[in-house]
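Chemist: Please find the sequence and the predicted model below.
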Amino acid sequence: MLNKKLYRYFSQTETPFYYYDMELFNESLTKLKQAAERYHYSIHYAIKANANDRILETVKKYGFGADCVSGNEVKKAIEIGIEPEKIVFAGVGKSDAEITYAIGQNIFSFNCESMEEIEVINEWGEKMQKVVSVSLRLNPDIDAVTHKYLTTGLPENKFGIPLLLLDKVIQRVNSLPNIKLIGLHFHIGSQIRELAPYIELCQKVNSIQDIIFDKHGIELEHINLGGGLGINYENPDDELIPDYAGFFETIHKHLKLRKKQTVHFELGRSVVGQSGSLISRVLYIKKGLKKEFMILDAGMTDLIRPALYGAQHKIQNISRPEAQIKNYKYDVVGPVCESSDSFDDNVMLPMTKRGDLVAIRSTGAYGEIMVSQYTLRDKPKAIYSDELKNEKGEPLLVKKTTLQKDII
Ligand code: LLP
């Protein structure tokens, strides 16, 4: 049952908007911190998942670092106050401007995806009189068992250095005076719901360390296993906080470290995904010949994941919490003039009317950050649970009454 005060607030607010449950977000960060500290693992929050100031400021409070994939993400992390020595920077196509900016900031590690890129970084290092810390992002040839657009560790993907080239790359890197090789980096994909690909990854890392690095006598300071831990989109309330403890325990069990090596992760979706919902109003229930369309005021410009990946998010009619029977079938669509502007087909919901409010769940990650203004649509606003006030200016929500936990 949705908290009444919150529902009243929603019904007086212009839609669509993203609603962030900050209590849940803080809980997720607390659990992550506790689980990581057990093994002294370092966390770099993947800024690409959600770069709102409030979200980043909260992440920073927990002492996490940042994983960036563009120069502007590095800038953002620094503006928010994340220490440069906790910032990693990946990406297959870093521009010269991005490289020089990040070198100037003395970030922890450039996660490099090709020898060509390392050569350019070395040239800039020489010009700027710096020795740049670099990790090799390797493509480990592991199937992450996820959507084909979300897999990154297969030979056909553009990411990382192929293992077959590693020997050659190491020899060349060792000869470059302005590069310091400090670690290995992997990121095999996103929305990974099984632990098996991570176990395979640990095994690959172990053999890479045995075969290649021991041979070259190179000591690496760290191993970065990237992000990718998935979330429960089908039934978010069953798993509002991912099982970080189980995830790290599995890694700890399978990863063989050398002395003094640290382990790093770049989690995005699992950290913030369940804390956000896109709230939208029903504009029309349109009767088609074969279908009934629920036309929302939110569309693919506000949340592109369904159109881009066929992703399914749980859709709930929060105006009819009393209706237990969901015996109406709707195709839930947006107002944009594209056939792919659809959130889901054949969704079973209670009988819905114009003006009802709908929550599209689990949209905290890769939701707002991927908003576009196609067809000149307005950007949705962001609303944070802990900033809401009643008419007297008092906090609207007392603890434990926020959307994710109370919604039916
Ligand atoms: N590290 C690197 C190098 C990455 O490329 C990514 C995500 C992450 C970490 C964080 O992965 P996460 O823990 O969030 O799975 N827009 C897509 C997701 C793209 C992920 C891109 N890289 C979606 O909406 O599902």
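Modeler: Structure's in. What do you need?

Chemist: And the ligand, is stretch 43-56 touching that?
Modeler: Yes: applying CB under 6 Å from any ligand atom, one finds that stretch 43-56 is in contact with the ligand at 46, 48-49. The C-beta positions use only the backbone N, C-alpha and C, and glycine is treated the same way.

Chemist: Now intersect those with the strands, please.
Modeler: residue 46 (DSSP state E).

Chemist: In terms of distance to the ligand, which of the residues of stretch 43-56 next to the ligand ranks first?
Modeler: residue 46 (3.5 Å; CB to the nearest ligand atom).

Chemist: contacting residues for the closest one?
Modeler: Each residue near residue 46 by CB atoms under 8 Å, 6 or more residues apart in numbering is listed here: 67, 227, 266-269, 271.

Chemist: Which pair in those residues has the greatest spatial separation?
Modeler: With CB to CB as the measure, no two of the contacts of residue 46 lie farther apart than 67 and 269, at 12.1 Å.

Chemist: Mutual contacts of those two, please.
Modeler: In contact with both residue 67 and residue 269: 46, 227, using CB under 8 Å, 6+ apart.

Chemist: can you redo the residues of stretch 43-56 next to the ligand as CSV with pLDDT?
Modeler: Below are those laid out as CSV (pLDDT from 0 to 100):
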residue, pLDDT
46, 98
48, 98
49, 98
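
Chemist: if we can go back for a sec, please list which of the contacts of residue 46 also come close to the ligand.
Modeler: Residues of the contacts of residue 46 in contact with the ligand (CB under 6 Å from any ligand atom): 67, 227, 266-269.

Chemist: Confirm that residue 85 sits in a helix.
Modeler: Yes: Residue 85 sits within a helix when classified using DSSP: H, G, I helix; E, B strand; the rest coil.

Chemist: contacting residues for it?
Modeler: By CB under 8 Å, 6+ apart, residue 85 lies in contact with 106-108.

Chemist: Quick check: most distant residue from the centroid of this protein.
Modeler: The centre of the chain is farthest from one residue, residue 289, which by CA atoms, centre = their mean lies 39.3 Å away.

Chemist: Please report how far it lies from the ligand.
Modeler: Going from residue 289 to the ligand by CB to the nearest ligand atom, to the nearest Å gives 33 Å.

Chemist: Got phi/psi on that residue?
Modeler: With angles defined as degrees, to the nearest 10, residue 289 sits at phi -70, psi -40.

Chemist: Which residue, other than its chain neighbours, is closest to residue 53?
Modeler: Spatially, and ignoring its direct neighbours in sequence, residue 53 is nearest to residue 80 (6.9 Å; CB to CB, 6 or more residues apart in numbering).

Chemist: Quick check, pLDDT for the one you found.
Modeler: pLDDT for residue 80: 98.

Chemist: Just the element for residue 208, please.
Modeler: helix 196-208 (DSSP states H and E).

Chemist: ok, back up a step: can you tell me which of the contacts of residue 46 end up in helices?
Modeler: Under the assignment DSSP state H, those contribute 269, 271 to helices.

Chemist: Which one of the contacts of residue 46 is nearest to residue 37?
Modeler: Nearest to residue 37 among these, with distances taken as CB to CB, is residue 267, at 14.5 Å.

Chemist: ok, that closest one touching residue 31?
Modeler: No: the criterion here is CB atoms under 8 Å, and residue 267 misses it with residue 31 at 11.7 Å.

Chemist: So which of those two has more stuff around it?
Modeler: Higher neighbour count among residue 267 and residue 31: residue 267, with 25 against 16, using other CB atoms under 10 Å.

Chemist: Contacts only, for the more buried one.
Modeler: By CB under 8 Å, 6+ apart, the contact set of residue 267 is 32, 43, 45-46, 227-229.

Chemist: nearest to the ligand, of those residues?
Modeler: residue 227 (2.6 Å).

Chemist: What's the local residue count around the closest one?
Modeler: Neighbours of residue 227 under the rule other CB under 10 Å: 24.

Chemist: unless I'm mixing things up, it is touching residue 272, no?
Modeler: No: shown here, residue 227 and residue 272 do not form a contact pair, counting by CB under 8 Å, at 11.5 Å.

Chemist: Can you list the neighbours in contact with stretch 375-382?
Modeler: Applying CB under 8 Å, 6+ apart, the contact partners of stretch 375-382 are 14, 16-18, 20, 52, 54, 278, 298-299, 301-302, 336-337, 368, 371, 373.

Chemist: which secondary structure elements does the longest helix anywhere in the chain contact?
Modeler: Secondary structure of the chain per DSSP H: the longest helix is helix 22-38. Packed against helix 22-38, as judged by 3 or more CB pairs under 8 Å, 6 or more residues apart in numbering; DSSP states H and E, are the following elements: strand 42-46, helix 53-61, helix 244-254, helix 269-272.

Chemist: Packing partners of the second one?
Modeler: Same thing as helix 53-61. The criterion is 3+ CB pairs under 8 Å, 6+ apart, and the helices and strands that helix 53-61 contacts are helix 22-38, helix 71-80.

Chemist: Could you tell me the angle between whichever helix or strand residue 283 is part of and helix 22-38?
Modeler: Assigned by DSSP H and E, residue 283 belongs to strand 276-287. Going by axes from the mean of the first three to the mean of the last three CA atoms, to 10 degrees, strand 276-287 is angled at 130 degrees with respect to helix 22-38.

Chemist: near the ligand, anything from strand 276-287?
Modeler: No: using CB under 6 Å from any ligand atom, strand 276-287 stays clear of the ligand, coming no nearer than 12.2 Å.

Chemist: The closest residue to the ligand within the stretch 301-408 of the chain: how many residues sit nearby?
Modeler: Nearest residue of the stretch 301-408 of the chain to the ligand: residue 366, at 3.1 Å (CB to the nearest ligand atom). A count of nearby residues for residue 366, using other CB under 10 Å, gives 25.

Chemist: what do you get for the one 10 residues further on?
Modeler: Neighbouring residues of residue 376 were enumerated by other CB under 10 Å; the total is 6.

Chemist: Quickly note the distance from it to residue 382.
Modeler: In this view, residue 376 and residue 382 are 20 Å apart by CB to CB, to the nearest Å.

Chemist: burial of the closest residue to residue 229 other than its chain neighbours, as a residue count?
Modeler: Excluding the flanking residues, the one nearest residue 229 by CB to CB, 6+ apart is residue 270, at 4.1 Å. Neighbourhood size, residue 270 [other CB under 10 Å]: 26.

Chemist: Since that was my last question, I'll sign off now.
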